[in-house]
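Asker: 3D, please:
(chains A and B)
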Amino acid sequence: ETGVTQSPTHLIKTRGQQVTLRCSSQSGHNTVSWYQQALGQGPQFIFQYYREEENGRGNFPPRFSGLQFPNYSSELNVNALELDDSALYLCASSSPRQTEAFFGQGTRLTVV
Amino acid sequence: GNSVTQMEGPVTLSEEAFLTINCTYTATGYPSLFWYVQYPGEGLQLLLKATKADDKGSNKGFEATYRKETTSFHLEKGSVQVSDSAVYFCALSASYNTGNQFYFGTGTSLTVIP
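Answerer: Sure thing, here's the model as predicted:
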């Protein structure tokens, strides 16, 4: 059983640029959620995808968007990057039959 | 709404000391409760969970009991080790038909000194 993998592990972008982060979910999981963890804070829910459709969104602006593919992998896209977008972005996969979610190692995004 | 409040750190303990990290929650419905641990530079690892009132989750010497009457899920360990140094997050999971959404506390940093 493979775990949740995210790429890249680290990324540096300039303010105003766009970024795409990727996540491969754990085998058998069809739900993927994305979280933003600012330094010294707990993760905050961005949105969730189930069977390729967005299903639930936290308090994040529309420039945060995503996709889920038929193999249940997912992308998080952020447009018009701001300095405050600097954070660890975590992907979590789960299935409706489970209570827990399994988290990837995260992508550390730095916006300069 | 759903939210989690946990004890602020940082917490510094000597090896073999007793650990308590307080966590309380507010939730609609019947959430599951979790403790996750994060080591430096890494993602979140599930430490333990409880899915209903009065359940006790346990793992690696850590324990937490789901107390509905006090809306609490305090983390305890009788004798901490240096290797337990990490950041601990209390979380609740609100379940929907398509999966679950997590709400995290702000984290408590624990340092155990020899």
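Asker: near chain B, which residues of chain A show up?
Answerer: A:6, A:31, A:33, A:35, A:40-45, A:48, A:50-51, A:55-56, A:90, A:92, A:94-96, A:98-106 (Cβ under 8 Å from any Cβ of the partner chain). In short, each C-beta sits where N, CA and C put it, glycine included.
Asker: just the buried members of the residues you listed?
Answerer: When those are checked for burial by 16 or more other Cβ atoms under 10 Å in any protein chain shown, the buried set is A:6, A:31, A:33, A:35, A:42-45, A:48, A:50, A:55-56, A:90, A:92, A:94-95, A:98-106.
Asker: what's the nearest residue to A:Ser65 if we skip its chain neighbours?
Answerer: A:Asn77 (4.9 Å; Cβ to Cβ, 6 or more residues apart in numbering or on different chains).
Asker: which residues does that neighbour contact?
Answerer: A:18-21, A:64-67 (Cβ atoms under 8 Å, 6 or more residues apart in numbering or on different chains).
Asker: can you tell me how far the closest residue to A:Gln18 other than its chain neighbours sits from chain B?
Answerer: Distances taken as Cβ to Cβ, 6+ apart put A:Asn79 closest to A:Gln18, at 4.9 Å, once the chain neighbours are dropped. To chain B, A:Asn79 is 24 Å away according to Cβ to the nearest Cβ, to the nearest Å.
Asker: And for A:Gln68?
Answerer: With Cβ to the nearest Cβ as the criterion, A:Gln68 and chain B are 11 Å apart.
Asker: Across the sheet, point out what pairs with that residue.
Answerer: A:Ser74 (DSSP bridges).
Asker: Quick check, it in contact with A:Ser33.
Answerer: No - A:Gln68 lies out of contact with A:Ser33 (Cβ atoms under 8 Å); the separation is 10.5 Å.
Asker: shared neighbours, the two?
Answerer: A:Tyr49.
Asker: wait, what's in contact with the nearest residue to A:Trp34 once chain neighbours are set aside?
Answerer: Nearest residue to A:Trp34, sequence neighbours excluded (Cβ to Cβ, 6+ apart): A:Ile46, at 4.3 Å. A:Ile46 sits next to A:33-36, A:57-58, A:60, A:64, A:66, A:76 when contact means Cβ under 8 Å, 6+ apart.
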